[in-house]
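Visitor: Sequence first, then the predicted structure:
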Amino acid sequence: MPTTRKWKPSAMLLLFVFPALVFYCVFTLAPAIGGIWYSLTDWNGLNPAYRMVGLSNYVEAMGDRFFLKSLWFTLKFVVFMLVLQNLLAILLAVFIEAMGRSKVWFRTIFFMPNMLSLIIGGFMWMFIFTRVFPYGAEKLGWSLLNQSWIGDPRYSFFSILALSLWGGVGYLMVIYIAALQGVPKTLKEAAAIDGAGALSLFRNVTLPMIYPALTIGVFLTLNGSFKVFDAVYSLTGGGPGRSTQVIAINIFEEAFSFSNRYGYASAKAMILFGIVLVISIVQLAVMKRREVRA
Amino acid sequence: MISPKSFQTASIGIRQTALRRIGAGGMFLFLLIAAIITLFPIYMALLNSVKTQGDMLSNILALPASLEWGNYTDAFRKTNYVRSLWNTFVVAGTGLAGIVLFASMAGYKLSRTPGKLSAFLFGLFVMSTLIPFHSIMITLVRISSGLKLQGSAVGLGLLYIGLGVAVAIFLYHGFVKSVPKELDEAAVIDGCGEFKLYFAVILPLLLPITATIAILNTLWMWNDFLLPLLVLTDFKSYTLLLSTNMLFGEYNNDWSAILASLVLAMLPVILLYLLLQKYILHGISEGAIKS
């Protein structure tokens, strides 16, 4: 009897965890390990035979002009998103919280794009960029609109950015609104009685109180922007040429479109993983420390 | 008698209320402009989806001269709307059922069982949450083709179970801590078996977090594009997004049909959003804060 008591909880645990574990192992864990393994080979996906090539895929990636360009393009995108998305989301959240009855309406509208895939959103914006803007430039004389928003990489960077912000700001806004609602009213009132203006109230009372939400917002933006795919795919497809390729598009094409070089593409994917991991850990460590102090 | 000091504070008070009023007006104006920009592409898609190609080219901003519903029948046929919608349902339904059932079972037992094995298993699940999808997709596609899951909506749903359980387990694991343990013990004393206890007592109590998990995962699976693009090789299994993407590629300049198809693709999500808005917004903030 005592022995059965001892193994029974473990057996029950395994029984309950088993279905989830099977799916998780086959579709997440195995591919992750497989990715590391294949990144060390010259596997081309079609040929069942492949050789170990050590780290040569990684070395090649570090000298791959297009990969490095896509890395740089992605980095630029991440920085812009990090600042603009969080700034806009906080601004919207603070303003909305100051509203009366219109509050619900604004919240509904700003979150709406988040419900849609950026593929759908991208095609809609494509219509705006390639049809409505030229029309506006011609009929209304707004020549500022008359740019090659999709075809010229200098401008399409901002088109991609606009689409991503349109689709992403609402999500962070909801998080910031929830955080703002958690700031005790008495705290604000006390500061107001002490003569704090609206700006100093925000900087000295509200901002420190929503700092944990800022950690989440920055984390989500970092994580999402490094992996950006849909917004670029739907607007430019990475083109013209490879001028607007982000890392995810570069990996996708390496593996599935041009060359089928699975091993090489896996190495690039591991580099992406490494970058996201290191930056996320650093970000969380730094911001959590400040959170405690604030 | 009014002392100079109180006069000064009074005037500051007046200035502050005036400022606050201007501030409120400015904020409202900012929100209004932002709202117009947000809705503009959706409005333009709706507006021009009922115009003839010629009407669109000459009056893109104006109301349609006549309603051209033919665009919709066109888009309906070209995207094979009913089948695509059904496939999307099958994918999301299969994925959701598996994620909710398997993750709640695992999360519940992992949370209730102390010890090294339990901690190890939980760590194994949590570990993966930082891995970007792109790092596993290449091998995942190979595995799915090896298991003959490619080209099948149900197969794609099964893949989503494996990709989605980890985060769901994490959320359930945290929530179960707030369910009193005495309930389990009472049920066991009453002669309730482990599985009956879970299905009859625990699962209903997990409803709040189940709602959050259902919302987050449905949105993810419904709007995911890359994995279906890689796995659904047979156009008969195309989801709404894939059909829309295909139509966009094939009829590159036929914006009437494209815009109509975009409206059709948006329709189910927007309707659901307007109906369940409160729960969705709650679920989103809940999910983000907890994970």
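Guide: Received the coordinates, thanks.

Visitor: in the stretch 1-150 of chain A, what residue is nearest chain B?
Guide: Evaluated by C-beta to the nearest C-beta, the stretch 1-150 of chain A has A:Phe27 as its residue closest to chain B, separated by 2.5 Å. Glycine gets a C-beta too; all of them are placed from N, C-alpha and C.

Visitor: mind checking which helix or strand the residue of the stretch 151-291 of chain B found nearest chain A is in?
Guide: Ranked by C-beta to the nearest C-beta, the top residue of the stretch 151-291 of chain B for proximity to chain A is B:Gly162, at 2.5 Å. Using DSSP states H and E, B:Gly162 sits in helix B:153-176.

Visitor: so what secondary structure elements neighbour that helix?
Guide: Applying 3 or more C-beta pairs under 8 Å, 6 or more residues apart in numbering or on different chains; DSSP states H and E, one finds that helix B:153-176 makes contact with helix A:2-24, helix B:81-112, helix B:116-127, helix B:133-146, helix B:207-223, helix B:226-231, helix B:255-290.

Visitor: Using PDB, write out every CA atom in it.
Guide: Presented in PDB, the C-alpha positions along helix B:153-176 are these (Å, rounded to 0.1, in the frame of the first residue of the first chain):
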ATOM      1  CA  ALA B 153      -7.500  21.600 -42.300                       C
ATOM      2  CA  VAL B 154      -7.700  19.100 -39.500                       C
ATOM      3  CA  GLY B 155      -4.000  18.400 -39.800                       C
ATOM      4  CA  LEU B 156      -3.300  22.100 -39.500                       C
ATOM      5  CA  GLY B 157      -5.500  22.200 -36.400                       C
ATOM      6  CA  LEU B 158      -3.400  19.400 -34.900                       C
ATOM      7  CA  LEU B 159      -0.200  21.400 -35.500                       C
ATOM      8  CA  TYR B 160      -1.800  24.400 -33.700                       C
ATOM      9  CA  ILE B 161      -2.500  22.200 -30.600                       C
ATOM     10  CA  GLY B 162       1.200  21.400 -30.400                       C
ATOM     11  CA  LEU B 163       2.200  25.100 -30.900                       C
ATOM     12  CA  GLY B 164      -0.500  26.500 -28.500                       C
ATOM     13  CA  VAL B 165      -0.500  24.200 -25.500                       C
ATOM     14  CA  ALA B 166       2.500  25.600 -23.800                       C
ATOM     15  CA  VAL B 167       1.200  29.100 -23.200                       C
ATOM     16  CA  ALA B 168      -2.200  27.800 -22.300                       C
ATOM     17  CA  ILE B 169      -0.700  25.400 -19.700                       C
ATOM     18  CA  PHE B 170       1.100  28.300 -18.200                       C
ATOM     19  CA  LEU B 171      -2.100  30.300 -17.900                       C
ATOM     20  CA  TYR B 172      -4.100  27.400 -16.500                       C
ATOM     21  CA  HIS B 173      -1.300  26.500 -14.100                       C
ATOM     22  CA  GLY B 174      -1.500  30.000 -12.600                       C
ATOM     23  CA  PHE B 175      -5.200  30.100 -12.400                       C
ATOM     24  CA  VAL B 176      -5.600  26.700 -10.700                       C
END
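
Visitor: where does the residue of the stretch 1-150 of chain A closest to chain B fall, helix, sheet strand or coil?
Guide: helix (DSSP: H, G, I helix; E, B strand; the rest coil).

Visitor: what about it, neighbour count?
Guide: Counted by other C-beta atoms under 10 Å in any protein chain shown, the residues lying close to A:Phe27 total 25.

Visitor: Could you check the pLDDT of it?
Guide: At A:Phe27, the pLDDT value in this model is 94.

Visitor: tell me the contacts of it?
Guide: The neighbours of A:Phe27, taking C-beta atoms under 8 Å, 6 or more residues apart in numbering or on different chains as the test, are B:Leu140, B:Ile143, B:Ser144, B:Leu158, B:Leu159, B:Ile161, B:Gly162, B:Leu163.

Visitor: which of these has the most neighbours?
Guide: Using other C-beta under 10 Å as the neighbour test, the contacts of A:Phe27 are led by B:Leu159, with 29 neighbours.

Visitor: pLDDT at that one, what is it?
Guide: The per-residue pLDDT reported for B:Leu159 equals 95.

Visitor: Quick check: it touching B:Leu149?
Guide: Yes - counting by C-beta atoms under 8 Å, B:Leu149 is a contact partner of B:Leu159 at 6.7 Å.

Visitor: Now do the shared contacts for the two.
Guide: With C-beta under 8 Å, 6+ apart, B:Leu159 and B:Leu149 have common neighbours B:Val231.

Visitor: Please tell me how far the residue of the stretch 1-150 of chain A closest to chain B sits from B:Ile270.
Guide: Distance, A:Phe27 to B:Ile270, using C-beta to C-beta, to the nearest Å: 31 Å.

Visitor: same deal with B:Ala106?
Guide: 34 Å.

Visitor: Which of these two has more residues huddled nearby?
Guide: Taking other C-beta under 10 Å, B:Ala106 and B:Ile270 do not tie; B:Ala106 has more neighbours (27 against 15).

Visitor: surely that one meets A:Leu14?
Guide: No - taking contacts as C-beta under 8 Å, B:Ala106 lies outside contact range of A:Leu14: 10.1 Å.

Visitor: show me where pLDDT drops low in the stretch 151-294 of chain A?
Guide: Where the stretch 151-294 of chain A drops to pLDDT under 70, the residues are A:258, A:291-294.

Visitor: Kindly tell me how buried A:Arg290 is, as a neighbour count.
Guide: By other C-beta under 10 Å, neighbour count at A:Arg290 equals 12.

Visitor: Could I get the contacting residues of residue 231?
Guide: Unless you meant another one, I'm taking chain A. By C-beta under 8 Å, 6+ apart, the residues touching A:Ala231 are A:Leu118, A:Gly121, A:Gly122, A:Ile160, A:Leu163, A:Ser164, A:Gly167.

Visitor: could you do chain B instead?
Guide: Neighbour list for B:Val231: B:Val141, B:Ser144, B:Leu149, B:Gln150, B:Gly151, B:Gly155, B:Leu156, B:Leu159 [criterion: C-beta under 8 Å, 6+ apart].

Visitor: I would like a ChimeraX command selecting only the buried ones among the contacts of A:Ala231, please.
Guide: Buried members of the contacts of A:Ala231, defined by 16 or more other C-beta atoms under 10 Å in any protein chain shown, are picked up in ChimeraX with:
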select /A:118,121,122,160,163,164,167
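
Visitor: ok, and which of the contacts of A:Ala231 reach chain B?
Guide: A:Leu118, A:Gly121 (C-beta under 8 Å from any C-beta of the partner chain).

Visitor: Wasn't A:Ile150 part of a strand?
Guide: No - the assignment for A:Ile150 (three-state DSSP) gives coil, which keeps it out of a strand.

Visitor: Could I get the phi/psi values of it?
Guide: When read as degrees, to the nearest 10, the backbone of A:Ile150 gives phi -110, psi -40.
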